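Asks: just a sequence and a predicted model for now, questions to come.
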Amino acid sequence: MKRLDTGPVKAIFFDYGGTLDAPGVAWKEQFFPIYKKHGVNVHEKEFARAFYASDDSLTSENPVHMNLTEVVYEQVARVLKNLDIFSPALQEKIARDFLKNSFFEISKNISLLKRLKSRFHIGIISNNYGNLEAICKETGLLNVVDCLVDSNLVGKTKPHPEIFQRGLDALKVLPHESIMVGDNVRRDIQGALDLGMLAVLISPDGVSLPEIPVISQLDELIEILGIRQ
């Protein structure tokens with residue numbers, strides 16, 4: 001496992017969806033097996049169209065007031081309506097399962113963030129609906145991070161350099177003094193590298209990247225960073 005030279009590092013930034021709420025699995029990929037489990041038998045491409053239409057509509061509305069529970073229920077409702085199979089009972093089952101998984105992973109990762117915070121500033125940089133703060137307040141992440149950068153409030157999405165720069169400016173660190181941890185190679189990893197940041201990819205698929213550490217669980221960061229147990 002590749003290690004990073006953390007000598008100059010002062011801050012670690014994390015993606016939210018697929019990184020802090022799941023071990024390298026984006027929302028669409030998290031949701032699809034849950035829909036299948038509850039009897040929604042649609043082709044993955046049809047599901048993707050319904051999911052992205054729901055996602056885009058929420059982004060356009062900028063629902064800053066919605067916490068994680070509220071936005072998941074709304075996201076699921078819109079997907080089911082896009083598939084023309086909405087029912088409150090089905091919405092409840094799918095949203096409940098997704099949230100159970102998310103809260104479990106986030107709770108586990110909060111312990112890691114607390115440990116890292118004794119050495120580094122911690123931030124979240126996320127392509128989100130505008131409600132990252134409400135999500136982090138409900139989940140407890142707000143208590144362990146030093147800054148939040150939400151694409152829908154910045155007006156730019158990763159991999160645009162401006163969204164990363166907002167995080168760097170907020171924590172008063174230079175690119176080479178920071179690490180970006182995320183699950184998307186183009187948006188999280190390449191976007192950070194292009195600005196001169198270090199990067200760590202979280203992926204369950206056993207992929208490898210030249211010179212970039214790859215982990216399958218966030219707690220593997222302890223080894224990547226050379227932190228003694």
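Replies: Perfect, I can see it now. From a predicted model like this one, the values you see are computed outputs, not experimental measurements. Residues are numbered from 1 along each chain as shown.
Asks: low-confidence stretches in this structure?
Replies: Screening the chain residue by residue with the criterion pLDDT under 70, one finds the ranges 1, 228-229.
Asks: same thing but 90
Replies: Per-residue confidence of the chain (counting by pLDDT under 90) places the weak regions at 1-7, 205-211, 226-229.
Asks: break this protein down into its structural domains.
Replies: In the assignment given by automatic domain parsing, the structural domains of the chain cover 11-25+105-224, 27-103.
Asks: contacting residues for E138?
Replies: Contact analysis of E138 by Cβ atoms under 8 Å, 6 or more residues apart in numbering lists 67-69. Quick note: C-beta positions are derived from backbone N, CA and C, even for glycine.
Asks: at 6 Å instead, please
Replies: Each residue near E138 by Cβ atoms under 6 Å, 6 or more residues apart in numbering is listed here: 67-68.
Asks: now distance to D5 too, for the domains of the chain, in CSV please.
Replies: As requested, the domains of the chain are exported to CSV (distance: least, Cβ to Cβ, whole Å):
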stretch, distance to D5
domain 11-25+105-224, 8
domain 27-103, 32
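Asks: nearest to R3, out of the ones you listed?
Replies: With respect to R3, and counting by Cβ to Cβ, the nearest of the domains of the chain is domain 11-25+105-224 at 5.8 Å.
Asks: that closest one: end-to-end distance?
Replies: Distance between the boundary residues of domain 11-25+105-224 (Cα to Cα, to the nearest Å) amounts to 15 Å.
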